[in-house]
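> Here is the input, now give the coordinates:
(3 chains, ligands or ions: 8)
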Amino acid sequence: MTKLAIGINLRRCIGCNTCAVACKMQNNVPDGMLWNRVLTEGCEQFDGAEGVYPHLTRTYLPLACQHCENPACERVCPTGATYKDDMGRVEIDYDKCIGCRMCMAACPYNARTFNWNEPVRATGAAYGDARVPERSRGVMEKCTLCKERTDEGEVPMCVHCCPGDARIFGDLDDPDSAVSRLRREGSAEVLLEDKGTRPQVFYVR
Amino acid sequence: MTSLMKNPLVVGSGVLALVGAGVYVYQLMFGLGITGMNNSTSWGLYLTCFMFFVGLSAGGLIVASSASIFGIKKYKAVALPAVILSLVCICCAGVCVLVDLGGIQRIWRMVTGLNFMSPLAWDMIVITLYLVINLVYLYFMCSAKADPAKVAVVSRFALPVAILVHSVTAWIFGLEIAREAWHTAILAPIFVASALDSGLALLVLALFGLRARGVFQTPNELITSLAGLLCTCIAVDAYFIGCEILTTAYNGTEGGLAVVNTLLFGGTAPFFWFEVVCGLVIPFCLLVFAKNRRNMKIVGVAAVLVVAGVFCKRCWLMFTGFATPNIVGGPGITLGSAAAQTGGAADMWAIMGVYAPTVPEVVLTVGIFALGVCAFAVLCQKLLGK
Amino acid sequence: AGSPAAGSAGETQAFTYHNEHCLCNCMLQCTVRDGRLAMIQPRPNEDHRFQNVCLKGLSEVQNIYGEARIQRPMKRVGERGSGEFEAISWEEAFQMIAENFKAIQDKYGKDALWIQFSTEASQRFPPLLASVLGAQAGGMNGYDMGQGNGQIMAFSPWIGMFAQNTIWEWPEAAVVILANTNLVETSLTWSRGMLDAQEAGTKFICLDPRFSPTAGKADQWVNLRAGTDPAFFLGMTKYILDEDLFDREHVLAHTSLPFLIDAETGACLVDVTPGTDPETGEPVELKTFYVWDKNANAAVPQETAGVAAALEGEFTVNGTRYLTQFTRLRKDMEPYTLEWTAATCDIPADLVADVATQYAAGPSIIDNGVGGIDKFGNNDVAGHCYALIASLTGNYGKRGTGCGIYGYHVTPYEAHLGAWPLPEGMAPAPSPQGFYDVVKGDTIHGAMFFGDIPTQKAANWNKTLEWIDSLDFVCLADIYHSSVTDFVDLVLPSCSKFECADAVGGIKCANAHILANLKVLDPLFESKSDFYIEKGIAEAMGLGDVFPADGEEYARALLTTDDPQVAGFTLEKLQEAGGALRLIGSEDLIAPEVGFTYGTASGKQEPYYEALLQFGQAFPAWEQPCEAYPENPLREKYPLQFNQARSRFRVHSAYSGAKWIQEVSEPHIELNPVDAAARGLEDGDAVEVFNDRGSFRTVLRLNESVRPESAFMVESTYRQYLDGTIMQAVSNDTLNERGYALPFGPMIPYNDTLIEIKKAGE
Ligand SMILES: Nc1nc2c(c(=O)[nH]1)N[C@H]1C(S)=C(S)[C@@H](COP(=O)(O)OP(=O)(O)OC[C@H]3O[C@@H](n4cnc5c(=O)[nH]c(N)nc54)[C@H](O)[C@@H]3O)O[C@H]1N2
Ligand SMILES: Nc1nc2c(c(=O)[nH]1)N[C@H]1C(S)=C(S)[C@@H](COP(=O)(O)OP(=O)(O)OC[C@H]3O[C@@H](n4cnc5c(=O)[nH]c(N)nc54)[C@H](O)[C@@H]3O)O[C@H]1N2
Ligand code: SF4
Ligand code: SF4
Ligand code: SF4
Ligand code: SF4
Ligand code: SF4
Ligand SMILES: [Mo]
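Ligands and ions are numbered 1, 2, ... in the order given. Take a look at the predicted model:
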């Protein structure tokens, strides 16, 4: 089996937002939303900090779909539009999505974005990878783990572009993959472990 | 027909319903973006009203069916209006769900690819079942050969399905692991309890209304008795809420505290306190005295308060769930709303769940209520007037 | 690394290089679909260090079509600043320029015309226009060289602002002090150098009043008060001397510190003989310095064989009292106790001692940026301090040591490209003054800017505006509607980095590569590349034939060079290789060890600057910032120091209009919540920022990372995002006179600025 995953080394993440914009570009993500966003943990400002000056800490937390092994979103989706595929990715079949947003309420990571309106693009035209399907108004979307790229053995765009080399992509079922090696590092952890979603995206602190 | 057209309630609510329908067409053209919903708060007024209507509906039917199941004779008298009310409310609930769908044109996918793991799938099934039961019930009660035995059989199904429909609706929310405020085993009982009190209260109000219009006469004693039942239901409702808050707050977990803070002091606090004070404490204090229960004015006030209180409860239940994201970090969640599309960072992000219904959204919702009122008036005139 | 996406039908791949002024010069692979830029990726590179892109590069997919783009030539018709323009044709525009330029040059002389390119605008083909017209092309910068001014004299040769070695040497250091650099944003793609070294065990200590993104990544943060870096290093130096943490052997062998100086005047004891410079052949003074030989008990030339130089002491030579530089150093450093340092920098004393101890243990590097202290009046003192402390502790010369700018210093290689031959004598008029001084005078009567120079290269915007008003004619060529656009007479639309009329739009050497700006798109809207704008103007003035016929001809001229690093490089090869060829022999990105012989007068490290005796800065001495110091009475009116720095979201003002970037960050000013509360201000308030020089409006955000008693703002954005105002309106334009005596001239103290903030409209 294949279980595609991303490991993010937070020690190397400089919060540059390149992954966020790379994702937007690659996947033709419309204005007003991002599939992948970079947070500054535990505070209200991007580039803010936790604590009181000068006793401060800061961690950037890039956050997109965690491709959960036990996806809360998939279970609640009434039409089966959301599904876990055989490469271990959680995907959406846009043709089946009725826009009920059950999955959105179910996702503990706020990883999903909905086309509340007709998608608009400041460029006035579609951009990104031509293989990425279009989504219409009323349809849910989110990180696909760059399905169109990873299907062809390419790494996801966010990984390809990460200036910090903080993002590692690969197959968790292959114990020799870089991503498996990173996960074996003691400090690897998943977000909201208590929710039982068993994310396939993990973080090294 | 002409007599219906002379009924100002029917005409007024009919017009409002048509306006609502117009807004719905507008929504179909431009998308759910015309509402206040966004990526931080995936459901808004429509689904809040859905919860509310399901509750109202279940309450009515529970009264009607317990009349025949438990042979509570005096309730039989109001079974028919109760069933009509229940039917209308469940239809409104259905409409609420439908208008909330972003991709209604693909709704047939619910039939071809239904995922039985999804609470929404079950809700659809149960609500359909419930609707059918309501219709059958109504049919048996109104048909010329109304057969008390058959009515009794249907009501044996109706009661559990009514409880089920409300539980499944609760599970749409309660099974969402993501939402600390909803994720509780007693969400279904909480829903059922408030279904009972709001449904009963609405029934009382409906009966008052019918009486005032001379369509259907309900004796005061019966109302007084219903008021007694209402009082009990309020107490049960309050009890469940108390249990829930205590369990959430007691251990001071991070998520729990966030919920309690939002509820008691935060964004949903006005709704919470309104419901506690006006929807539970005051009506309970009013109705706990037998003397008050005999005063139709007081009963009416209490019933209004209960219905309003439960509406507020639906609001705080819904929005407390969205208030605090599990992962807090600046700049937050991308909203995906119309403002987010056109504006910059300031319009695109929210740290906490944000939501305010828009005018079209409110108008459409009012339209649904109006539709309910209109349908109820018409059905009562047609079915009770005889 | 991933392979480029498989191109589908109707798609082409093209290559260009990106910004210079974020100092990354990323090589980009661009996908064009249906004639539009659809996707950008890092160009695959065998050397992963050069396979780079950042969010700004990616945002170009949207930005080049964005609303801030200048689309056609426009003549101003309204008041300056009104933004009222009338579209005109290129022909009319060139005619208008030619007439005005001629009139000005005829009336006031050729050098009364000022033609300056912003750094970013000069990165395609080297500009020719100023040379062709004999106009002034801009003098000293007035920024980015302040600390360099303070370091250069100790360690010549010194490559301007840069350290002698590259960032890739960092894993060899035990400690790297990051001084006023926000590396992870301002050397974004080179952050890998820091992260790799950190993984390898190098400890990073970041000096920054603000908890910057880099401070957040560092192992230790020194939150000193802005403008007090010299005090911090002086305190460290005193502590190192007191605790005997300096490297005595190194000091004796490789520095000028044992040299004798006149106890009264501070002049070095020297013999001066005439000689010739081995490189230039010019006559120079050769100096022989003296030390006190403990064996001979006499002053002897420092190079005397077998000399046992005294490090400390006072001696009499020919009846005059002499000290060693080291003895003077001890005396000069006396005021800078830990307590004084702690109070001056507003940090705990033991933090100073701790950093000093770690630094002295070494091997250590000081990586200075050019933000922060570089934009304070006392910037050269800071640079001088680095040179001093590095010499004192042996942290210069050997592996894993050094000082200077490393952030953008990623290769020791620089190829010498060819040039376009201009007729004999065609050269820009000499510019005796930098723009910062030009705007205070009346020698210039007409100007053309490529990029938003007037709003960037001078502080105190209202004064600059007066100067602009005094000109007969001002023209701007820019890609975007930058702040200065509304104040000029004529606006010309330039091409972005993705557009050119020819197959090639630029050639340059960067990142150990020869890079080619190959055509990705035809010029958008009515834009022209700067090259064709220059050529068009020259043609209208009858000088067009001295220009290359087209981009290809220019490119070939540049590639015609005898530098062996580019032997055999042709335009065709660049096209085949996807717009970039690695310099021959540039495999090792770490330069050889710097070693211990220098081009200084004595050949040794010379942290004692005799030339600055008149300024009391022979050894660095504490000097307050010129405006933003705590005791300044002005602080009662304007209590906040205005910290301006760059961010990952912009390159100076560029990308202000990029919607994808606006989605994640918009212009705003930041205050610590304490200062906001004291003013009754809340997050999201519209505020006015002001002082006696001027004011501007923006939005307030609260951030714990900001040092109390200061405000933070990302330097520069277009005025349309500041409610029509300009941030530069408040910045300080007072120059430190000493700067004129230094190699790189005076620096504009942008950050040495006091302000106050209030709710807008109050
Ligand atoms: N993304 C991006 N990168 C760029 C540029 C850009 O515009 N955008 N511009 C390039 C250019 S031209 C330059 S000059 C460089 C500048 O890049 P840097 O050298 O990194 O300079 P800044 O970003 O101005 O400031 C660096 C840090 O100094 C801090 N600071 C402020 N005052 C003081 C002080 O008194 N002491 C100390 N120790 N720190 C202080 C600031 O808080 C800030 O975090 O960046 C280059 N790189
Ligand atoms: N208040 C304040 N002012 C400062 C600073 C500060 O910290 N505070 N920092 C100073 C520093 S360190 C620096 S280096 C300067 C940088 O200021 P600049 O030298 O002005 O910055 P650049 O990024 O080189 O140039 C940007 C301008 O060139 C335009 N441009 C970009 N590419 C092209 C092109 O190909 N053709 C043409 N015609 N135009 C182009 C852009 O649209 C923009 O108008 O700012 C200085 N000004
Ligand atoms: S691109 Fe890499 S370094 Fe930048 S924010 Fe994303 S994960 Fe962090
Ligand atoms: S992160 Fe959310 S959307 Fe993604 S698989 Fe998990 S539950 Fe589903
Ligand atoms: S919105 Fe679409 S994907 Fe999500 S649960 Fe509903 S049908 Fe499934
Ligand atoms: S894997 Fe692809 S879709 Fe997912 S965040 Fe990265 S770029 Fe976006
Ligand atoms: S702006 Fe970004 S992509 Fe462009 S050269 Fe700089 S670091 Fe590279
Ligand atoms: Mo700079």
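
> okay, now B:Ile327: neighbour count?
The number of residues packed around B:Ile327, counting by other C-beta atoms under 10 Å in any protein chain shown, is 18. All C-beta atoms are positioned from the backbone trio N, CA, C, and that covers glycine.

> give me every residue that touches it.
A:39, A:61, A:63, A:109-110, A:191-192 (C-beta atoms under 8 Å, 6 or more residues apart in numbering or on different chains).

> Just put those residues in CSV and tack on secondary structure, neighbour count and pLDDT.
As requested, the contacts of B:Ile327 are arranged in CSV below (DSSP: H, G, I helix; E, B strand; the rest coil; neighbours: other C-beta atoms under 10 Å in any protein chain shown; pLDDT from 0 to 100):
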residue, secondary structure, neighbour count, pLDDT
A:Leu39, strand, 23, 98
A:Leu61, strand, 19, 98
A:Leu63, strand, 25, 98
A:Tyr109, coil, 23, 98
A:Asn110, coil, 22, 98
A:Leu191, coil, 17, 98
A:Leu192, coil, 17, 97
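
> hmm, which two among those are most spread apart?
Spanning the widest gap among those are A:Leu39 and A:Leu192, at 13.6 Å by C-beta to C-beta.

> contacts with chain B among the contacts of B:Ile327, please.
A:39, A:61, A:63, A:109-110, A:191-192 (C-beta under 8 Å from any C-beta of the partner chain).

> Next up, phi/psi of A:Ala188, please.
Main-chain torsions, A:Ala188, degrees, to the nearest 10: phi -70, psi 140.

> what do you get for C:Gly397?
According to degrees, to the nearest 10, C:Gly397 has phi 110, psi -40.

> Pretty sure it sits against C:Glu593.
Yes - using C-beta atoms under 8 Å, C:Gly397 is in contact with C:Glu593, at 7.4 Å.

> Please say which of the two ends up with more neighbours.
Set side by side, C:Gly397 and C:Glu593 show more neighbours around C:Gly397, with 21 against 16, by other C-beta under 10 Å.

> so how far is C:Ser716 from that one?
Between C:Gly397 and C:Ser716 the computed distance is 38 Å (C-beta to C-beta, to the nearest Å).

> The closest residue to chain A within the stretch 101-250 of chain C - nearest residue in space that isn't next to it in sequence?
Evaluated by C-beta to the nearest C-beta, the stretch 101-250 of chain C has C:Gly216 as its residue closest to chain A, separated by 3.7 Å. Of all residues not flanking C:Gly216 in the chain, A:Arg58 sits nearest, at 3.7 Å (C-beta to C-beta, 6 or more residues apart in numbering or on different chains).

> Could I get the pLDDT score of the residue in the stretch 151-300 of chain C positioned nearest to ligand 3?
Residue nearest to ligand 3 within the stretch 151-300 of chain C (C-beta to the nearest ligand atom): C:Ser191, separated by 7.8 Å. Listed pLDDT for C:Ser191 reads 97.

> which SS class is it?
Three-state assignment for C:Ser191 (DSSP: H, G, I helix; E, B strand; the rest coil): helix.

> Next up, the contacts around the residue lying closest to C:Leu37 once chain neighbours are set aside.
The shortest distance from C:Leu37 to any non-neighbouring residue, by C-beta to C-beta, 6+ apart, is to C:Val61 (5.4 Å). C:Val61 sits next to A:25, A:123, A:127, C:37-40, C:660 when contact means C-beta under 8 Å, 6+ apart.

> Please report the distance of the residue nearest to the spatial centre of chain C from ligand 5.
With distances taken as C-alpha atoms, centre = their mean, C:Asp144 lies nearest the centre of chain C, 3.5 Å away. Using C-beta to the nearest ligand atom, to the nearest Å, C:Asp144 is found at 52 Å from ligand 5.

> quick one, phi psi at C:Leu581?
phi -130, psi 130.

> residues from chain C in reach of ligand 1?
Residues of chain C lying near ligand 1 by C-beta under 6 Å from any ligand atom: C:21-23, C:144, C:179-182, C:185-186, C:188, C:207-210, C:212, C:226-227, C:229, C:369-373, C:643, C:645-646, C:648, C:650-652, C:751.

> ok, now which residue in the chain is the farthest from the centroid?
No chain in the question, so chain A it is. Within chain A, the residue lying farthest from the chain centre (C-alpha atoms, centre = their mean) is A:Pro54, at 32.7 Å.

> wait, I meant chain B there
Ranked by distance from the centre of chain B (C-alpha atoms, centre = their mean), the top residue is B:Gly344, with 37.2 Å.

> All good on my end, thank you.
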